[in-house]
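[1] sequence first, then the predicted structure:
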Amino acid sequence: MDIENSEIKTEKSLGTPINIREMRLSDLKSLHSMYDSLPDEDKRFFHPGFLGYKSISFYWLLFQPILVLSSFKSIRRLLLVLSPIVFLPLVAINKKGMVVGFAYLKINRRLRNGCLHSSLGIVVEKSSRGIGLGSELMERLLELARKEKICEIYLTVHSDNIKAIRLYKKHGFQEVGEILDWWKGKPFLSKVMKKVVGKD
Ligand SMILES: CC(C)(COP(=O)(O)OP(=O)(O)OC[C@H]1O[C@@H](n2cnc3c(N)ncnc32)[C@H](O)[C@@H]1OP(=O)(O)O)[C@@H](O)C(=O)NCCC(=O)NCCS
């Protein structure tokens with residue numbers, strides 16, 4: 001299926017077709033606004049550090065140009081060779097053109113065998129949950145990972161984030177460890193999960 005322009009309609013869909021495609025520069029404002037609109041509990045679960053106009057920090061500023069440049073396919077090709085960090089960002093867009101879901105792979109390093117090592121993040125706006133969007137984003141992301149020769153994907157998830165853990169397990173991620181994640185000065189126990197791409 002063509003990742004660039006694929007429409008999903010799920011059984012439980014509210015009758016609103018949602019389009020999943022690679023992120024474009026024009027999506028950036030809506031993406032940040034969607035993140036800002038999330039309740040605090042969601043931000044505890046998902047705080048990549050480079051989303052939301054309310055969360056601007058040194059890290060946010062550092063990663064913004066990489067996120068922007070990664071949204072141009074031709075520049076991304078170049079970044080894959082030159083930059084230690086590259087994003088593969090996907091968005092889910094509703095009929096009004098607003099971002100209602102976001103998922104990304106962040107390529108962190110190249111392994112000795114030439115394979116790419118990446119981390120993953122995913123979020124669906126609250127009113128669009130439970131209709132299969134998270135799963136669809138995940139499937140498209142894994143498709144993209146195979147295309148870009150990513151071999152390993154790691155993620156961390158708070159131990160009480162039951163929905164996300166179920167989503168990850170459903171797509172073949174396995175628990176490989178535990179770490180502490182800090183949010184607003186408090187530590188939260190998190191699971192480290194891993195998927196070897198292509199081993200399904
Ligand atoms: C996790 C998240 C992305 C799931 O998105 P979604 O669009 O609701 O997911 P889907 O409807 O595609 O459901 C996919 C799977 O997630 C799990 N899931 C979704 N809703 C669930 C619920 N209420 N209870 C338990 N599991 C649930 C299930 O495994 C489900 O698959 P199944 O229905 O076949 O069992 C969404 O809840 C979210 O954005 N949460 C806040 C941000 C976050 O936690 N991100 C992950 C950070 S590590």
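    Yep, it's here. Numbering: from 1, shown residues only.
[2] so which bits of this structure are right by the ligand?
    Contact residues of the chain with respect to the ligand, defined by CB under 6 Å from any ligand atom, are listed as 42, 45-46, 122-124, 129-135, 157, 161-164, 166-167, 170. Any C-beta I mention is one placed from the backbone N, CA and C, and that applies to glycine too.
[3] could you rerun that using 8 Å?
    When proximity is defined as CB under 8 Å from any ligand atom, the chain approaches the ligand at 10, 38, 42, 45-46, 101, 121-126, 128-138, 155-158, 161-164, 166-170.
[4] just these: which are in helices?
    Counting by DSSP state H, the members of those that fall within helices are 42, 45, 133-138, 162-164, 166-170.
[5] between the residues you listed, which is closest to Ile56?
    For Ile56, the closest of those turns out to be Asp42, at 18.5 Å, with distances computed as CB to CB.
[6] what about the nearest residue to Lys73 once chain neighbours are set aside, how many neighbours?
    If the residues on either side of it in the chain are set aside, Lys73 comes closest to Glu22, at 7.3 Å by CB to CB, 6 or more residues apart in numbering. Burial measure for Glu22: 19 neighbouring residues, criterion other CB atoms under 10 Å.
[7] I'd say Glu22 and Ser70 touch.
    No. With contacts defined as CB atoms under 8 Å, Glu22 does not count as touching Ser70, sitting 9.4 Å away.
[8] residue contacts, whichever residue of the chain sits closest to the ligand?
    Here the residue of the chain nearest the ligand is Gly134; by CB to the nearest ligand atom that distance is 2.5 Å. With contacts taken as CB atoms under 8 Å, 6 or more residues apart in numbering, Gly134 has the following neighbours: 101, 122, 124, 167.
[9] also Asp40?
    Taking CB under 8 Å, 6+ apart as the test, Asp40 contacts no residue whatsoever.
[10] show me the helices in this protein, by range?
    Here the chain has its helices, by DSSP H, at 28-36, 40-45, 58-70, 73-82, 133-147, 162-170.
[11] can these go into JSON lines with extra columns for mean pLDDT?
    Formatted as JSON lines, those follow (pLDDT from 0 to 100):
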{"stretch": "helix 28-36", "mean pLDDT": "98"}
{"stretch": "helix 40-45", "mean pLDDT": "97"}
{"stretch": "helix 58-70", "mean pLDDT": "95"}
{"stretch": "helix 73-82", "mean pLDDT": "88"}
{"stretch": "helix 133-147", "mean pLDDT": "95"}
{"stretch": "helix 162-170", "mean pLDDT": "98"}
